[in-house]
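[1] sequence first, then the predicted structure:
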Amino acid sequence: MFAYLVRRLFLMLVTLFGISIVIFLLLRIVPGNIVDILFAAAGYVDPADKANLEKELGIDQPLIVQYWHWISGFVRGDFGYSYVSEKPALQEILPRIPITARLAGLALLFSASIGIPLGVISAVNQGTRLDYTLRVISLSGLSLPSFWLGLLILTASVAMFGQMPIFNPNPQTWLEAFATYAVPAAAVGFRSAALTMRITRSSMLEVLRQDYIRTARAKGASDAAVNYRHALKNAILPVITVIGIEAAFLIGGLIVTETVFNIPGVARFLVEAIRWRDYPIVQNLVMLIAVVVVVANFTVDMLYAVFDPRIRYTD
């Protein structure tokens, strides 16, 4: 087990190193930089002033030097300074992380708490009207883009209540926090819940056909014990994989959701930084997202052994 963990940690570091190179190079491949944008906005280009500003920002140095300065600072926790606000990049990023974390966490909770039970219900009622209804709902969830669903929610809110949901950045109670994040979390989590439900249903249908399920029924086990204690316990591994992947890539849905609901989170801030070619912000934010993705995949692998005793990570 120890040797396996060492190998996985080494592979994680290699993966993150490769991702850091891709992030750095992709930003430099995009035409234009922050200096070009600033001078274009000013309406004139003075070559001397432009060269001085590039030297001040350090973007006139060789790429390898720029990369080393960035990645070494990232490892030390020194994210540099934002080109736009001239404030420390970490100071700009940290206040936005809790907002996005709460939104993502509530969306995942919504996805798992809705998708798994409905998937089990659909599987044990295969071929009934309830099953067909739930399958239609899941297909709708997979088909509806999160931005369209968010706009639909805002439109319905205006039509029913005469106002749009207002984001409260400093909720005083748990109830206020839930009310603030519930609607955007439901909008972004609806698709994840639909996917979780379909995977749960498919996995449950496969497990329910196994011999040990028939044996449990023959011994007089109740339907609840068969469905949840025996079947779901053995059908949960594919669901864990899906939830882990959704958690890792949820940031894609949050970018649109935070923009639609005017939420000042990390995802929306990342889009603004990309537009301004704010290299310190973009590089560090994308690298932090990559770390979350890699750690989420590692956590899912470790959870396999927890939920299925047959799995053992050996040397």
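    Arrived safely.

[2] for this structure, what spans make up the helices?
    Applying DSSP state H to the chain gives helices spanning 2-29, 34-42, 47-57, 63-76, 89-93, 97-124, 129-143, 146-161, 174-208, 211-218, 223-224, 232-260, 266-275, 279-307.

[3] which helices and strands does the last one pack with?
    Here helix 279-307 is seen to pack against helix 2-29, helix 63-76, helix 89-93, helix 232-260, helix 266-275 when contacts are counted using 3 or more C-beta pairs under 8 Å, 6 or more residues apart in numbering; DSSP states H and E. (Each C-beta comes from the backbone N, C-alpha and C, glycine too.)

[4] please apply the same query to the fourth one.
    Counting contacts by 3+ C-beta pairs under 8 Å, 6+ apart, helix 63-76 is packed against helix 2-29, helix 279-307.

[5] and the ones you listed: which comes nearest Gly73?
    For the helices and strands packed on helix 63-76, the distance to Gly73 is smallest for helix 279-307, at 8.7 Å, taking C-beta to C-beta.

[6] helix 266-275 and that closest one, what's the angle between them?
    Put simply, helix 279-307 runs at 140 degrees to helix 266-275, going by axes from the mean of the first three to the mean of the last three C-alpha atoms, to 10 degrees.

[7] got the buried residues for helix 279-307?
    Going by neighbour count (16 or more other C-beta atoms under 10 Å), the buried part of helix 279-307 is 279-290, 292-294, 296-298, 300-301, 303-304.

[8] what does stretch 259-275 give?
    259-261, 263, 265-270, 273.

[9] tell me how far it lies from the chain's centre.
    14 Å (C-alpha atoms, centre = their mean, to the nearest Å).

[10] quick one: end-to-end distance for it.
    14 Å (C-alpha to C-alpha, to the nearest Å).

[11] and that stretch, average pLDDT?
    For stretch 259-275, mean pLDDT rounds to 84.

[12] now stretch 183-202
    Taken as a whole, stretch 183-202 has an average pLDDT of 89.

[13] convert that stretch to CSV, retaining C-alpha atoms only.
    Provided in CSV are the C-alpha atoms of stretch 183-202 (Å, rounded to 0.1, in the frame of the first residue of the first chain):
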residue,chain,number,x,y,z
VAL,A,183,-30.9,28.4,-6.8
PRO,A,184,-27.5,28.7,-8.7
ALA,A,185,-26.4,25.3,-7.2
ALA,A,186,-29.6,23.6,-8.4
ALA,A,187,-29.1,25.2,-11.9
VAL,A,188,-25.6,23.8,-12.3
GLY,A,189,-26.2,20.6,-10.4
PHE,A,190,-29.3,19.5,-12.3
ARG,A,191,-27.2,18.1,-15.1
SER,A,192,-24.9,16.3,-12.7
ALA,A,193,-28.0,14.9,-10.9
ALA,A,194,-29.4,13.6,-14.2
LEU,A,195,-26.1,11.9,-15.1
THR,A,196,-25.7,10.4,-11.6
MET,A,197,-29.3,9.1,-11.8
ARG,A,198,-28.7,7.3,-15.1
ILE,A,199,-25.4,5.8,-14.0
THR,A,200,-27.0,4.6,-10.7
ARG,A,201,-29.9,3.1,-12.6
SER,A,202,-27.7,1.2,-15.1
